[in-house]
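**Student:** need coordinates for the following:
(one chain, ligands or ions: 1)
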Amino acid sequence: MALLHSFTGHLCATIDGNNRNGNAANRRGPRGTDRHDRAAATIANEEATMKKSLGAESIIFPNPVLVVGTYDITGKANAVTLAWGGIACSNPPAVSIAVRPSRHSHEALVRTKAFTVNLPSVEQAAYADYFGIVSGRDVDKFRATGLTPVRGERVDAPYIEEFPYNLECKVTHSLELGTHTLFIGEVVDVKIDQTYVDENGKASWEAARLLSFDSRGRLYRAPGEVVADAYSVGRRWMAR
Ligand SMILES: Cc1cc2nc3c(=O)[nH]c(=O)nc-3n(C[C@H](O)[C@H](O)[C@H](O)COP(=O)(O)O)c2cc1C
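**Tutor:** Residues are numbered from 1 along each chain as shown. Predicted structure coming up:
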């Protein structure tokens with residue numbers, strides 16, 4: 001209990017930059033206001049649960065590194081690195097990507113209603129980074145990197161030959177959310193480098209060692225260790 005009190009006392013000091021009995025209450029808002037009540041409720045919650053509130057933020061960890069291919073208005077192949085995206089639906093198979101309207105790729109997504117998602121391996125982190133720090137408005141990213149854009153078979157968008165996985169997608173929905181437009185793409189084909197297909201014809205994530213992104217640390221990360229079997233390890237609490 002003593003430990004709990006000293007921990008929560010430290011939390012309060014950290015949250016307010018002051019201790020609980022000092023002038024901090026003024027900074028949290030005058031007594032009786034909504035702001036004061038919310039701050040007091042947050043502190044009460046933290047004391048009760050040992051949780052620290054970080055406020056409202058869109059954080060999930062890890063994020064995939066998605067390199068999204070499109071053709072721009074001049075017909076030039078372009079690709080952009082996106083970490084805000086993921087699986088959206090199993091049937092029909094669909095993925096989501098969130099793109100700021102200022103990106104050169106945004107115009108192409110709206111116009112062509114097509115894109116590819118290319119998943120880089122950990123060895124390809126520098127390519128993925130480059131695609132995320134320069135704009136196709138200013139440079140030809142494929143020419144600069146020497147990577148190969150291949151015309152999609154099912155959609156009007158290029159995929160990246162050298163990346164292990166390529167998804168061909170048709171935009172089915174788009175939604176303005178605020179800073180980003182959320183595009184939903186129905187996956188009409190998935191291609192995988194044959195190197196990563198095992199003797200049973202199954203694609204192996206492990207062999208491809210796909211890159212992921214840590215938004216908090218602004219780091220690229222490698223896949224981690226296997227910790228348990230999914231749909232299985234949690235069975236211990238199911239009725240027998
Ligand atoms: C790791 C990483 C993740 C990124 N994620 C996103 C994202 O989810 N959405 C977005 O709009 N921009 C994102 N960006 C920024 C774009 O990739 C960047 O602005 C790019 O230069 C735009 O290229 P374009 O103008 O050719 O479309 C990310 C950049 C990096 C390096």
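**Student:** what's the closest non-adjacent residue to the residue in the chain positioned nearest to the ligand?
**Tutor:** In the chain, no residue comes nearer to the ligand than residue 132, which is 2.6 Å away by C-beta to the nearest ligand atom. (C-beta placed from N, C-alpha, C; glycine too.) Closest residue in space to residue 132, ignoring its immediate chain neighbours: residue 81 at 3.2 Å, by C-beta to C-beta, 6 or more residues apart in numbering.
**Student:** and that neighbour, helix, strand or coil?
**Tutor:** strand (DSSP: H, G, I helix; E, B strand; the rest coil).
**Student:** burial count for it?
**Tutor:** Using other C-beta atoms under 10 Å, residue 81 has 21 other residues around it.
**Student:** check contacts around it.
**Tutor:** Taking C-beta atoms under 8 Å, 6 or more residues apart in numbering as the contact definition, residue 81 lies against 65, 66, 67, 68, 128, 129, 131, 132.
**Student:** of all these, which two lie farthest apart?
**Tutor:** For these, the farthest-apart pair by C-beta to C-beta is 68 and 129; their separation is 14.6 Å.
**Student:** between the two, which has more neighbouring residues?
**Tutor:** residue 68 (28 against 15).
**Student:** helices or strands up against the helix or strand harbouring that one?
**Tutor:** Applying DSSP states H and E as the criterion places residue 68 in strand 66-71. Packing partners of strand 66-71 (3 or more C-beta pairs under 8 Å, 6 or more residues apart in numbering; DSSP states H and E): strand 77-82, strand 94-99, helix 104-112, strand 114-119, helix 125-133, strand 158-160.
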